[in-house]
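Visitor: the following block contains a protein sequence and its predicted model.
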Amino acid sequence: MAKLEKEKIDKSVKEFYSDVADGNETIKIDSVKLSESIGYSKEDLENIPEEANLGLGCGNPLIDGKPMEGETVLDLGCGKGMDVFNTAKKVGSSGLVIGVDMTPQMIETARKIAKGRKFTNTDFRLGEIEHLPVADNSIDLVISNCVINLSTDKKAVYSEIYRVLKPGGRISIADIVHIKEIPDSVLNNPKMYGTCVAGAGSCEYRENLLKEIGFKNIEVRLKPASKEYVKKWGIDEIPLEEYISSSITVAYKGK
């Protein structure tokens, strides 16, 4: 099956999210409606500054992640801080939520929101998820929402996650998986990598990768991609819902 080269994919993804951050990539859907369709409650959305919700997720990693008061949580691909701010309310003043994103405009905006809304337990860092600017064994929970599929080196990403987690630490990852072989018209469309669709793999691939790295108690659960998600990212000539599913992956770093 044909696939774009790594360099083209990386370039496309970076350009896509720079455009989103600058407002040049129009998200043609109600971000609140989309968030509700993928699992965010009214209370969750009240915790999130409106300007931080870009409508880019495919699930709610906090449902399974269950961040607790006093924990240190890391959000991969934090964007303008949607899940960071939601989590910050849950870990409280004794906790810390670190957001990492590769797009300078995203980090700059997230920091401004945090300052303006007086969040004192958040920290936004510019960096790539394959090379996390985070210390070893320092994180209780790693979350991510429709981001890891953007990477062309997923083994590096999950290895970095394993490195920064404390022994016994956990992950709760929302992302897209393939449930049927994706057509070449999707794999050859650079924009479909920015949507997390073309860069997805199967549940089996993800489970085997996590086992290889050393994760324990791995569970990948499927949830049909919402109509709002498919409408936002789909291709007119392809019934995308037949090929992909949302998923939540939970796993632990062995003690």
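Guide: Perfect, thanks for sending it.
Visitor: which residue ranges of the stretch 101-250 of the chain form strands?
Guide: Under the criterion DSSP state E, counting those that start in this stretch, the stretch 101-250 of the chain contains strands at 122-126, 139-145, 165-178, 215-223, 244-253.
Visitor: among those strands, which is nearest Asp44?
Guide: Of all those, strand 139-145 sits nearest to Asp44, with 12.1 Å by C-beta to C-beta. Heads up, the C-betas are built off the backbone N, CA and C, glycines and all.
Visitor: now do the closest one against strand 244-253, angle only.
Guide: For strand 139-145 against strand 244-253, the angle by axes from the mean of the first three to the mean of the last three C-alpha atoms, to 10 degrees is 170 degrees.
Visitor: parallel or antiparallel, which strands does strand 139-145 pair with?
Guide: Sheet pairing of strand 139-145 (DSSP bridges) gives strand 72-76 (parallel), strand 165-178 (parallel).
Visitor: show me what the helix or strand following the shortest one is packed up against.
Guide: As assigned by DSSP states H and E, the chain's next helix or strand after strand 72-76 is helix 82-91. Under the contact criterion of 3 or more C-beta pairs under 8 Å, 6 or more residues apart in numbering; DSSP states H and E, the helices and strands touching helix 82-91 comprise helix 42-47, helix 62-65, strand 72-76, strand 96-101, helix 104-116, strand 122-126, strand 139-145.
Visitor: adding mean pLDDT, distance to Tyr243 and mean neighbour count as columns, could you present these in JSON lines?
Guide: Below are these laid out as JSON lines (pLDDT from 0 to 100; distance: least, C-beta to C-beta, whole Å; neighbours: other C-beta atoms under 10 Å):
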{"stretch": "helix 42-47", "mean pLDDT": "89", "distance to Tyr243": "28", "mean neighbour count": "13"}
{"stretch": "helix 62-65", "mean pLDDT": "96", "distance to Tyr243": "24", "mean neighbour count": "20"}
{"stretch": "strand 72-76", "mean pLDDT": "98", "distance to Tyr243": "24", "mean neighbour count": "27"}
{"stretch": "strand 96-101", "mean pLDDT": "98", "distance to Tyr243": "28", "mean neighbour count": "26"}
{"stretch": "helix 104-116", "mean pLDDT": "96", "distance to Tyr243": "28", "mean neighbour count": "18"}
{"stretch": "strand 122-126", "mean pLDDT": "98", "distance to Tyr243": "33", "mean neighbour count": "19"}
{"stretch": "strand 139-145", "mean pLDDT": "97", "distance to Tyr243": "20", "mean neighbour count": "25"}
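Visitor: dump those to CSV, plus distance to Glu15.
Guide: What follows is the helices and strands packed on helix 82-91, written out as CSV (distance: least, C-beta to C-beta, whole Å):
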stretch, distance to Glu15
helix 42-47, 29
helix 62-65, 29
strand 72-76, 20
strand 96-101, 15
helix 104-116, 12
strand 122-126, 17
strand 139-145, 21
